[in-house]
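K.L.:
The sequence isn't on hand, but the structure is:
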């Protein structure tokens, strides 16, 4: 009887680690900065892959939704009796669509953020120069 029960436990663990655990890790990876910031750690909103921890939640959660839909879509395609995954053209087409749509959106968002930060830094330096002139005017001899 223990062998039969153990077989179901092993089966449940395999299903858990193949279907549920990867998605919990993706969610944790995307929200780890928020979780640690609420716990009181300093500087956790910096860093990550291309500074993803600074991205607003409105960007990170759709990324999670995209990963979720892609993951379960792949599971459904793989489990179908007439699996189109046997046809490599479909898999390459799906990957191509994600790359054609996703990469330009990601690059556009990244460049927009860099330009915004550059403009902020330029305006800050300009204000600092103006304040320097006001606070310590040059003396004429």
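P.N.:
Done, it's in. The structure presented is a predicted model; accordingly, all values stated were derived computationally and were not measured.
K.L.:
Could you break this protein into its assigned domains?
P.N.:
Per automatic domain parsing, the domain ranges recorded for the chain read 1-86, 88-141.
K.L.:
Report the rounded mean pLDDT for the first one.
P.N.:
The predicted model gives domain 1-86 an average pLDDT of 76.
K.L.:
roughly how far is it from the heart of the chain?
P.N.:
11 Å (CA atoms, centre = their mean, to the nearest Å).
K.L.:
again with stretch 102-119
P.N.:
Relative to its chain's centre, stretch 102-119 lies at 14 Å (CA atoms, centre = their mean).
K.L.:
in it, what's buried?
P.N.:
Within stretch 102-119, no residue is scored as buried using 16 or more other CB atoms under 10 Å. Using the backbone N, CA and C atoms, a C-beta is placed for each residue, glycine as well.
K.L.:
Quick check: mean pLDDT of it?
P.N.:
On average, stretch 102-119 scores 82.
K.L.:
What lies in contact with it?
P.N.:
50-51, 54-55, 59, 66 (CB atoms under 8 Å, 6 or more residues apart in numbering).
K.L.:
Kindly recompute the last result at 7 Å.
P.N.:
Contacts to stretch 102-119, defined as CB atoms under 7 Å, 6 or more residues apart in numbering, come from residues 50, 59.
K.L.:
Quick check: what element follows the helix or strand residue 28 falls within along the chain?
P.N.:
Using DSSP states H and E, residue 28 sits in helix 21-39. For helix 21-39, the following helix or strand on the C-terminal side (DSSP H and E) is helix 57-79.
K.L.:
Just the angle for that next one relative to helix 21-39, thanks.
P.N.:
170 degrees (axes from the mean of the first three to the mean of the last three CA atoms, to 10 degrees).
K.L.:
buried sites along helix 57-79?
P.N.:
60, 64, 67.
K.L.:
next helix or strand past it?
P.N.:
Sequence-wise, the next helix or strand downstream of helix 57-79 (DSSP H and E) is helix 88-135.
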